[in-house]
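Trainee: here's my sequence, what's the structure:
(chains A and B)
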Amino acid sequence: MLGPDGKGRCTVAAQSICQPVKDGDRWVCTRSDVLGGACTAGPSPTGECACPSPEQPPCQPVRSLRARRTRLTIGAGLFAVAVLLVWLMSPNSLTMVSPGTLSAAHLAIEAPPGVPNCQVCHQGAESGFGNWLSMIASQTETHSVEVNQQCLGCHFSETDQAIAMKVHSAAELSEISPAVEELSMLAGPTSFLLGLSDQVYGEPMLDQTQGTCSTCHNEHEGAAHDMKVMSDVQCQVCHTNQFESFNDGHPAFTSATSISSGIKFDHAKHHPRFDDGLDCQSCHQADAEGKTMLVSPFENSCQGCHEQRSKDHHGDAIKKNSVPFLQLPEMEFEDPVYWPAELAVGENLAPMMTLLLAGDDEALPLLSEIYDSDGAAGDMFEWFFILEDEGEPEKKAQLATAIKKLVSELADYSSSGEKARTVRLSKAFSLEATDPELQTLQAELSAANFVMQMFKQRYLPQLEDDLAGEEVDATDDEELTTDWMVSKHMSGWRVDSDEGAISYRAVAHSDSWLKNWIETLGKSQGKTAQMTSMDEMRAGIRALMLDELSGDFKSCTKCHTVQGEAAPWSAAGRLYDASGFTKFNHRPHMAMLNEPGNCLTCHIPKNESSDASIAMPRGFLPHDKEICSSCHAPGKANNTCLNCHQYHHERP
Amino acid sequence: MLFRTRRLLSIAALVLVLLMLTPYAIGYRIAFSDVVVTSGWLLFAVVAFLSSYNLRKKLTYPPLLKSSTWLQMHIYLGIAAMVIFLFHTSGKVPTGHLDIALYALFTLMVASGLFGFYLTRTIPTTLSSRGNEVIFERIPLFRRQIKNRVEQIILQSIEQSASSILAEFYKSYLMYFLSGPRNVLLHLVRSERTSYRLRHELRESDRYLDEQDKVLAAELDDLIKLKDDLDFHYARQGLLKLWLFFHIPMTLVLLIFLVAHIVLIYAFTSGGS
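Mentor: Predicted coordinates:
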């Protein structure tokens, strides 16, 4: 039986195609046996086929189901390719290939709204389908790092980016809190799921060098997707030695061991004043969101009791301490030196004066010797002994000259004096002359010219002649008297004839003179790059003087913490270090308090019966966990880790 | 090995594989490991293997296991692919256009596969209950033979009895009934209502026939039953073949979209990280 040929044609029809050939004088049929062979009649005498029509009519072949299915499959495949090409090469290709809507926080990346701006994170995305293929070849594992940089660029400051990918975005966990490092100890899984994870993946890598932002934060999962979500069990991958939940084994709360920044305030000492009308709202008000309780400014919250006006110089404890600024040290010279030997009684160099002397290149080596920890260690008399032992008594004269030069500069009203002071300050603090803090401090010194001039006139009236090289004698100077130098703009200066010194004391809160010194000193602490040997000497002296001044500045540091560059004068400058990784929103909790005094439900001041071994730097007992867990429990309020803790130490 | 034993072993192997995959996926969520890439490639490999079943059926050489063995692997790996797909997508429906298309294609593939699995497990048993086994491609030939025989009977009836009752019956009912496959939808739901009605009509006219026509009418009744059985086989075997007209083309479409998905993933994220 014959079927259709390979092209779907009926082969029976081919039977009609007989081409008789002449063999001698006879015509012979040429139809093959496959096609039915010669018919019985054979070709006619004239060579025509005797049976041109097939015995059966030709069929009309149809494709088999399998063949039709194959054609449909090929057609569907071509259609799919066509659809994809249209998608990928259309102007809206980025919309088509986008794996999903961005989270609500990142929708602003789209510009205009609804139009993907993929190249913000995926470099080269805007260049189209053709380039996407080449991107595959060029993409390496650094791609995720590049995307990370895009994230970090917005979410972390430039300095914090280096530590952003470290565990909890902290340079060293131990620097944040010893307790944090302790909590990270691995002591084996506490649940089946954790055990499962350990078995499959092993212990977590604490260096996190292979982690990326997307390891935890999945994007393109819709506007409603919470990118920050993290389960308790995920926290416990590292914190495996802890507890099952907040309500089951979570350790009791402890207070921070110290106040790292912000205002130092002992609430317990002030609590007894509540009977006098003081209450929490006297100093604290919620911010606009109700999340954080802000501290009212000094004028509103403290000044009412700690009154300190410019007219009152003597009645308040805050301002009783004066800061020595300039004092002529007691020195004896072998050769004649213009120096008020009878009036110069200082045993050591005043810290502020030392700092200003450090701005003098000639005085700097002398200061290094005086403050050399292996030598005089800051003791002037010890230094004198060393000089005598080493046969260098002339260095005393050099120091005297440096001090006199300083006095001359400080008393100089002219622009050259101002310029000299700027250069001196710039060197002393290793800051640019244009630095705003340094400029402000120079302005403060210029404003004190009057006092310095008076000091010079009283102690070294022939100073300019002396510095000019003329012969002068201190015995020609007049006897001096003690006097206060106080005016509207120069409050607090004191020229002490008995001590041969100028000192300063704050007579009002937020004193600009002391504030500028503290801020400039703080700013200079961070300058460590490309230091010369002289810079190193100055940095060493600054470090020593900072310690010295911390005592002099105690009228400030009694309430204000000063650390490094940071000078948080207000409570709003408080960092999160004190609270570690804990966060708290007052708003929902305040709504549950019926009376203002109910703040004491959670914030309990320490009292005489409190355990003295517990750190309570703000005067409060550690929070009672039971108060929280009475509501934050399964079936009640949220009790997950992230409800109270944030992962990143530096908050994005 | 008994069929039941083999099936139990296959199910046990499938469950074992899935149990091995499950901690991997759960552990990922806990340990933040990037298992999406692994599960994606695994899913692609499984889908590619499942797709190769159709190629295997076309190849007569080399003899790579029996087709029935391939079918068993196709079924069990198809179930595994569903689970891997859930791991890969985290059980969430994507929101991107291409990903939604891919998600829909895979879902349709799974649905058509499950539908086909149901058909292959139910239709063969119903076919054996209606007439002899018949090759689907030869059904038109048998149908023509039945029609020819019916026409011969009608002509014979007219010649021998000069009665037009059977001829009228043929003209009114049988001519349409025999000219092609009929009552396809009714046969899919295993309804024999039409053939019963036809045969009932024939029996109703039996009292007006003479003895010779009654013999012919009895043969007609058998032929109607035979044609109805042929239609039953046509409808049900046709469905067995028709679902593949969806399943197989969609396989190619799915593979093409999968390749596009992988290309885009690697172009934009260097591998899903």
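
Trainee: domains in the chain, as residue ranges please.
Mentor: No chain specified, so I'll use chain A. For chain A, the structural domains run A:65-139, A:140-252+A:624-652, A:260-297+A:570-620, A:317-555, going by automatic domain parsing.

Trainee: hm, I was asking about chain B
Mentor: Split by automatic domain parsing, chain B gives B:3-129+B:247-269, B:136-240.

Trainee: rewinding a little: now mean neighbour count and distance to residue B:186 too, for the domains of chain A, in TSV please.
Mentor: The C-beta positions use only the backbone N, C-alpha and C, and glycine is treated the same way. As requested, these are arranged in TSV below (neighbours: other Cβ atoms under 10 Å in any protein chain shown; distance: least, Cβ to Cβ, whole Å):
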stretch	mean neighbour count	distance to residue B:186
domain A:65-139	15	22
domain A:140-252+A:624-652	16	47
domain A:260-297+A:570-620	14	66
domain A:317-555	17	89
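
Trainee: CSV please, covering the ones you listed and showing distance to residue B:144 and mean pLDDT.
Mentor: CSV is the format used below for the domains of chain A (distance: least, Cβ to Cβ, whole Å; pLDDT from 0 to 100):
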stretch, distance to residue B:144, mean pLDDT
domain A:65-139, 19, 83
domain A:140-252+A:624-652, 60, 72
domain A:260-297+A:570-620, 83, 74
domain A:317-555, 98, 82
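
Trainee: just send these back as a markdown table, with distance to chain B too.
Mentor: Shown next, in a markdown table, are the domains of chain A (distance: least, Cβ to the nearest Cβ, whole Å):
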| stretch | distance to chain B |
| --- | --- |
| domain A:65-139 | 4 |
| domain A:140-252+A:624-652 | 4 |
| domain A:260-297+A:570-620 | 18 |
| domain A:317-555 | 35 |
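
Trainee: and the stretch 151-273 of chain B, which of its residues are near chain A?
Mentor: Within the stretch 151-273 of chain B, the positions lying close to chain A (Cβ under 8 Å from any Cβ of the partner chain) are B:241, B:244-245, B:248-253, B:256-257, B:260, B:263-264, B:266-271, B:273.

Trainee: tell me the contacts of residue 268?
Mentor: Unless you meant another one, I'm taking chain A. A:605, A:606, A:607, A:616, A:619, A:620 (Cβ atoms under 8 Å, 6 or more residues apart in numbering or on different chains).

Trainee: ah, no, chain B please
Mentor: With contact taken as Cβ under 8 Å, 6+ apart, residue B:268 is in contact with A:97, A:118, A:122, A:125, A:132, A:135.

Trainee: tell me where the stretch 451-600 of chain A has helices.
Mentor: Under the criterion DSSP state H, counting those that start in this stretch, the stretch 451-600 of chain A carries helices at the ranges A:463-467, A:512-525, A:533-552, A:554-557, A:586-590.

Trainee: now residue B:246, nearest residue through space, not along the chain?
Mentor: residue B:112 (5.2 Å; Cβ to Cβ, 6 or more residues apart in numbering or on different chains).

Trainee: after the strand or helix carrying the one you found comes which helix or strand?
Mentor: Assigned by DSSP states H and E, residue B:112 falls within helix B:97-127. Heading C-terminal from helix B:97-127, the first helix or strand you meet, by DSSP H and E, is helix B:139-161.

Trainee: isn't residue A:396 right up against residue A:329?
Mentor: No - with contact defined as Cβ atoms under 8 Å, residue A:396 does not reach residue A:329; the gap is 9.2 Å.

Trainee: picking up where we left off before, go through the contacts of residue A:268 and flag which are in helices.
Mentor: Among the contacts of residue A:268, no member is found in helices (DSSP state H).

Trainee: what does stretch B:183-202 contact?
Mentor: By Cβ under 8 Å, 6+ apart, stretch B:183-202 touches B:126, B:169, B:173-174, B:177, B:182, B:217, B:220-221, B:224-225, B:227-228, B:231-232, B:234-236, B:238-239.

Trainee: again, only using 10 Å
Mentor: Applying Cβ atoms under 10 Å, 6 or more residues apart in numbering or on different chains, the external contacts of stretch B:183-202 come out as B:123, B:126, B:129-130, B:165-166, B:169, B:172-174, B:177, B:181-182, B:209, B:217-218, B:220-222, B:224-229, B:231-236, B:238-239.

Trainee: next, the buried residues of it.
Mentor: Residues B:183, B:186, B:187, B:192, B:194, B:195, B:198, B:199, B:202 are the ones in stretch B:183-202 that count as buried (16 or more other Cβ atoms under 10 Å in any protein chain shown).

Trainee: want to throw those into JSON lines with secondary structure, distance to residue A:42 and pLDDT?
Mentor: As requested, those are exported to JSON lines (DSSP: H, G, I helix; E, B strand; the rest coil; distance: Cβ to Cβ, whole Å; pLDDT from 0 to 100):
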{"residue": "B:183", "secondary structure": "coil", "distance to residue A:42": "52", "pLDDT": "89"}
{"residue": "B:186", "secondary structure": "helix", "distance to residue A:42": "56", "pLDDT": "91"}
{"residue": "B:187", "secondary structure": "helix", "distance to residue A:42": "52", "pLDDT": "90"}
{"residue": "B:192", "secondary structure": "coil", "distance to residue A:42": "56", "pLDDT": "84"}
{"residue": "B:194", "secondary structure": "helix", "distance to residue A:42": "54", "pLDDT": "84"}
{"residue": "B:195", "secondary structure": "helix", "distance to residue A:42": "52", "pLDDT": "85"}
{"residue": "B:198", "secondary structure": "helix", "distance to residue A:42": "52", "pLDDT": "89"}
{"residue": "B:199", "secondary structure": "helix", "distance to residue A:42": "53", "pLDDT": "90"}
{"residue": "B:202", "secondary structure": "helix", "distance to residue A:42": "52", "pLDDT": "88"}
